[in-house]
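no letters, just coordinates:
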């Protein structure tokens, strides 16, 4: 079932944006497909919306439902705008990432509190068009403290291991990083590296959304185990297998989060 929406269509308690390996809402069956018209073009995929545990939930596949949209081509503005139009206030961004520091090994879950933007050429603001009022958003804390705490509490309530804090480095993609680039990010203070954390977080802030990242560690960044083992080649089979292993933990976490 598909519906087109031009304006706000009631509130949604939680929206989840899925990254690489997550193209459907884990633990849910088929949801209503909603197509939202935006001033910025089409979203990456239809927004899947429905009721779960008595609450309204929405899901959007950031890369499209067949993984056809590379990180630098994601229409971040349309995606966030569409969720906002549906009445979303809380956005949980699932980011499939590489681990840099020892706490963030493959299959770890993390809720970072900082990021560094290494991307370039992406439209990163709703203030892009001529005549649009300029917003100078506060961004010293890029993620919503209240939503991060809700995620931490939900993980504690369900017994799910979660790394609290850390810095996400956001690279351009779609290629993976060189060992020298990962070494630089380590010196910069990054614990994780992904390709889609920006401008998504800043756009959410411009729209006044509560936004937080739940990082799913799929591999060691550049194949470099910080314990000192030799670098190994990263394969998509490995990445997808690690994401699938983590995905099994997510429905319980989402259920607890919806009650917060």
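The structure has been received and is ready for your questions. Owing to the predicted nature of the structure, the values given are computational and were not obtained by experimental measurement. Numbers count the residues shown, from 1 in each chain.

tell me where this structure has helices.
Using DSSP state H, the helices found in the chain span residues 76-85, 145-158, 179-188, 200-206, 236-247, 250-258.

so what secondary structure elements neighbour the shortest one?
Applying 3 or more C-beta pairs under 8 Å, 6 or more residues apart in numbering; DSSP states H and E, one finds that helix 200-206 makes contact with helix 76-85, strand 90-99, strand 210-220. C-beta: built from backbone N, CA, C; applies to glycine.

just give me how far the longest one sits from the chain centre.
By that I understand strand 210-220. 6 Å (C-alpha atoms, centre = their mean, to the nearest Å).

who does it touch, helix- and strand-wise?
Short answer (3+ C-beta pairs under 8 Å, 6+ apart): strand 210-220 packs on strand 90-99, strand 109-111, helix 145-158, strand 192-194, helix 200-206, helix 236-247.

just checking, residue 52 touches residue 258?
Yes. Counting by C-beta atoms under 8 Å, residue 258 is a contact partner of residue 52 at 6.8 Å.

returning to what we had before: worst average pLDDT in the helices of the chain?
Lowest mean pLDDT within the helices of the chain: helix 236-247, at a mean of 86.

show me what that helix is packed up against.
strand 210-220.

I'd like to check the angle between the strand it packs on and helix 250-258, please.
160 degrees (axes from the mean of the first three to the mean of the last three C-alpha atoms, to 10 degrees).

of all the helices and strands packed on helix 200-206, which one is nearest residue 238?
Proximity to residue 238 (C-beta to C-beta) singles out strand 210-220 among the helices and strands packed on helix 200-206, at 6.0 Å.

give me the distance from stretch 46-58 to the chain's centre.
That offset, for stretch 46-58, works out to 17 Å (C-alpha atoms, centre = their mean).

which residues are contacting it?
2, 10-16, 24-25, 28, 31-36, 59-60, 65, 82-83, 86, 88, 254-255, 258-259 (C-beta atoms under 8 Å, 6 or more residues apart in numbering).

how long is it from one end to the other?
10 Å (C-alpha to C-alpha, to the nearest Å).

buried ones in it?
46, 47, 48, 49, 50, 52, 55, 56, 57, 58 (16 or more other C-beta atoms under 10 Å).
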